[in-house]
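S.K.: Here's a sequence, model it:
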Amino acid sequence: MNWIDDLVEENQTVETPKSWLYWSLMCCISAVAANQYTLRTLKGNLLYFPNLYVILMGESGLGKGYPVNLAKRLVQGADNTRVIAGRSSIQAIIKELATTRSANGKPVITDSRGFIVNGELSTAIIQDPDSLTILTDLYDRNYNPIWTNMLKGDGNEKLKEPYITCLFGSSPSHFYDSIPQPNIEGGYIGRNLLIYEEKRSRDLDLLDSEKESVDEDRFTNYITPKFIPHLKKIAANKARLIPTDAARSMFNSWRKQWRENQKNYTDRTGFVNRVPDHTLKVAMCLALARYEHNDNIEESDVHEAIQNVSALVYANEKVVAGVGIDPLAAVTRKVVEHLMAAPDNQLLRRDLLVRGFGDLDNQSLDRILDTLVEMRWIRKQRVGVGANSDYMIYLHGEPLIKLRGFREDRRRK
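M.R.: Presented below is the predicted three-dimensional model:
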């Protein structure tokens, strides 16, 4: 058992999928490790840092908010890095990372470390075509001892030793809207660990019995005193992590076999190529998660990292499979959103054309409407006569109920 395993065990009374808890807690280790821990490979030519990008992927309502908020509060409790939560622009994030931070006599944060965390990727960073490209660049800490942002009107902002850990949640529909195609195949998704789940880990009684009911903040009264000290211990130290001979042998042998089998995978994101790199980063975090780590990466750390990272290939394929196959996929979602926002969930066809100006033409809209009719998401009804005739488009049935439920969930969060 290590710090991550213990905290997963402590959260048996929530329905959140265990994998989401596990990887959110892995991000806690990654975030507090910051620039203090490294791993040298290839005779010193490559330098690894344990920063991770993780996206919890699943339909709304499965419980992404709990592990994301738990991770945020744990890292805030360790208090050794900037925690950037909520809605931000990439420019504001860069400005925050470039600013020296200190408070209440605590050590000054002089490097550009930060934990970007949000339960919904689509609201984490205000949509900007450069946002994910910049995050892609900042991921590669080893290539960026200094990262410079020079834009007209913004001045010259320098990030010193930028170390970024990201934890986002996303539903499949929002994922496709939030991640442009160039970032899917251009490297951003390949740098992320996509943790895909389709159902809760368990079904529990939501309301406690009277004798079990408590009126206290379990995080403040129990989680904080028991689990934050280990994060502070990691934050207070600095080391070069060295694999044991057994760990080195296991990793090298597995990596050769992985390279030989890569041809069996369909991958448009670059994730499969990066699996060995992700595995080393996760092994570093697992070494630090052990309560009595000795600056060594043990064989058990490598074994667990190999199992858990290589298992994500399926999730990567499944999540990305629906992207880019149909060039009208993104516009189709916008058509549904226009109908969802309309009074009584109905619009004239010509109104949809106006609202989709720049994205839609007559033929494209007709293709989309025909597809949605076949899916029984909409129905069409001719209105008017002659030159003034048109079709009224109605969003109806089960899809409308699900979309309303999704919005209610979003409002409650």
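
S.K.: hey, where'd the helices end up in the stretch 101-250 of the chain?
M.R.: Using DSSP state H, counting those that start in this stretch, the helices of the stretch 101-250 of the chain run over residues 121-124, 131-139, 172-178, 181-185, 218, 224-236, 245-261.

S.K.: who wins for proximity to Gly270 among those?
M.R.: helix 181-185 (7.7 Å; Cβ to Cβ). Quick note: C-beta positions are derived from backbone N, CA and C, even for glycine.

S.K.: mean confidence for the closest one?
M.R.: On average, the pLDDT along helix 181-185 is 65.

S.K.: Is it possible to get JSON lines of the helices of the stretch 101-250 of the chain that adds distance to Gly86 and mean neighbour count?
M.R.: Compiled in JSON lines, these are given as follows (distance: least, Cβ to Cβ, whole Å; neighbours: other Cβ atoms under 10 Å):
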{"stretch": "helix 121-124", "distance to Gly86": "8", "mean neighbour count": "20"}
{"stretch": "helix 131-139", "distance to Gly86": "15", "mean neighbour count": "21"}
{"stretch": "helix 172-178", "distance to Gly86": "16", "mean neighbour count": "19"}
{"stretch": "helix 181-185", "distance to Gly86": "22", "mean neighbour count": "16"}
{"stretch": "helix 218", "distance to Gly86": "23", "mean neighbour count": "12"}
{"stretch": "helix 224-236", "distance to Gly86": "22", "mean neighbour count": "17"}
{"stretch": "helix 245-261", "distance to Gly86": "38", "mean neighbour count": "14"}
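
S.K.: Of those helices, give the one that comes closest to Glu298.
M.R.: When the helices of the stretch 101-250 of the chain are compared by Cβ to Cβ, helix 245-261 sits nearest Glu298, at 5.7 Å.

S.K.: Arg191 is nearest to which of the helices of the stretch 101-250 of the chain?
M.R.: helix 131-139 (4.7 Å).

S.K.: now the closest one, how far from the centre of its chain.
M.R.: The chain centroid and the centroid of helix 131-139 are separated by 13 Å under Cα atoms, centre = their mean, to the nearest Å.

S.K.: from now on call the first residue 33
M.R.: Will do, 33 is the new start, and the previous item becomes helix 163-171.

S.K.: Who are the packing partners of that helix?
M.R.: Applying 3 or more Cβ pairs under 8 Å, 6 or more residues apart in numbering; DSSP states H and E, one finds that helix 163-171 makes contact with helix 122-129, strand 195-202, helix 213-217.

S.K.: Return the most buried member of the ones you listed.
M.R.: Most buried of these by mean neighbour count (mean count of other Cβ atoms under 10 Å) is strand 195-202; its value is a mean of 27.

S.K.: Each with direction, which strands does it pair with?
M.R.: strand 85-89 (parallel), strand 145-150 (parallel) (DSSP bridges).

S.K.: circling back to that earlier point, Throw the helices and strands packed on helix 163-171 into TSV and include distance to Val345, thanks.
M.R.: As requested, the helices and strands packed on helix 163-171 are exported to TSV (distance: least, Cβ to Cβ, whole Å):
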stretch	distance to Val345
helix 122-129	29
strand 195-202	19
helix 213-217	16
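
S.K.: Least confident of the ones you listed, on average?
M.R.: Lowest mean pLDDT within the helices and strands packed on helix 163-171: helix 213-217, at a mean of 65.

S.K.: returning to what we had before: can you tell which of the strands paired with strand 195-202 is closest to Met316?
M.R.: Once those are compared by Cβ to Cβ, strand 85-89 is nearest, at 14.7 Å.

S.K.: could you point out the longest helix in this protein?
M.R.: Of all the elements of type helix in the chain, the one with the most residues (DSSP state H) is helix 303-321.

S.K.: Flag every buried residue along it.
M.R.: Applying a neighbour-count criterion of 16 or more other Cβ atoms under 10 Å, one finds 303-304, 306-321 buried in helix 303-321.

S.K.: hang on, the earlier thing: okay if I get the helices of the stretch 133-282 of the chain as JSON lines plus distance to Leu39?
M.R.: Converted to JSON lines, the helices of the stretch 133-282 of the chain look like this (distance: least, Cβ to Cβ, whole Å):
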{"stretch": "helix 153-156", "distance to Leu39": "23"}
{"stretch": "helix 163-171", "distance to Leu39": "25"}
{"stretch": "helix 204-210", "distance to Leu39": "27"}
{"stretch": "helix 213-217", "distance to Leu39": "32"}
{"stretch": "helix 250", "distance to Leu39": "12"}
{"stretch": "helix 256-268", "distance to Leu39": "6"}
{"stretch": "helix 277-293", "distance to Leu39": "24"}
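
S.K.: so which of the strands paired with strand 195-202 comes closest to Ile116?
M.R.: It's strand 145-150; of the strands paired with strand 195-202, that one is closest to Ile116 (Cβ to Cβ) at 4.8 Å.

S.K.: Just the strands from the stretch 283-432 of the chain, written as ranges.
M.R.: Listed in chain order, the strands of the stretch 283-432 of the chain (DSSP state E, counting those that start in this stretch) span residues 328-329, 378-380, 410-415, 422-427.

S.K.: Show residues contacting the second one.
M.R.: If I follow you right, that is strand 378-380. Strand 378-380 is contacted by residues His370, Leu371, Arg387, Val415, Asp422, Tyr423, Met424, Ile425, Tyr426, Leu427 when judged by Cβ atoms under 8 Å, 6 or more residues apart in numbering.

S.K.: Just the buried subset of those, written out for PyMOL, thanks.
M.R.: Here is the PyMOL command that selects the buried residues among the contacts of strand 378-380 (16+ other Cβ under 10 Å):
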select buried, resi 370+371+387+423+425+426+427
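
S.K.: hang on, Arg114 packs against Phe147?
M.R.: Yes: using Cβ atoms under 8 Å, Arg114 is in contact with Phe147, at 6.9 Å.

S.K.: The helices of the stretch 133-282 of the chain: which one's closest to Lys96?
M.R.: Nearest to Lys96, of all the helices of the stretch 133-282 of the chain, is helix 153-156, at 10.2 Å by Cβ to Cβ.

S.K.: what is the mean pLDDT for that closest one?
M.R.: Helix 153-156 shows a mean pLDDT of 70.

S.K.: Could you chop this protein up by domain?
M.R.: Here the domain assignment for the chain is 35-231+249-352, 361-444, based on automatic domain parsing.

S.K.: Quickly, which of those bottoms out on average pLDDT?
M.R.: Of all the domains of the chain, mean pLDDT reaches its minimum on domain 361-444 (a mean of 77).

S.K.: Look up how far Ser56 lies from the most centrally placed residue in the chain.
M.R.: The residue lying closest to the centre of the chain (Cα atoms, centre = their mean) is Ile87, at 2.1 Å. Computed as Cβ to Cβ, to the nearest Å, the Ile87 to Ser56 distance reads 11 Å.

S.K.: All good on my end, thank you.
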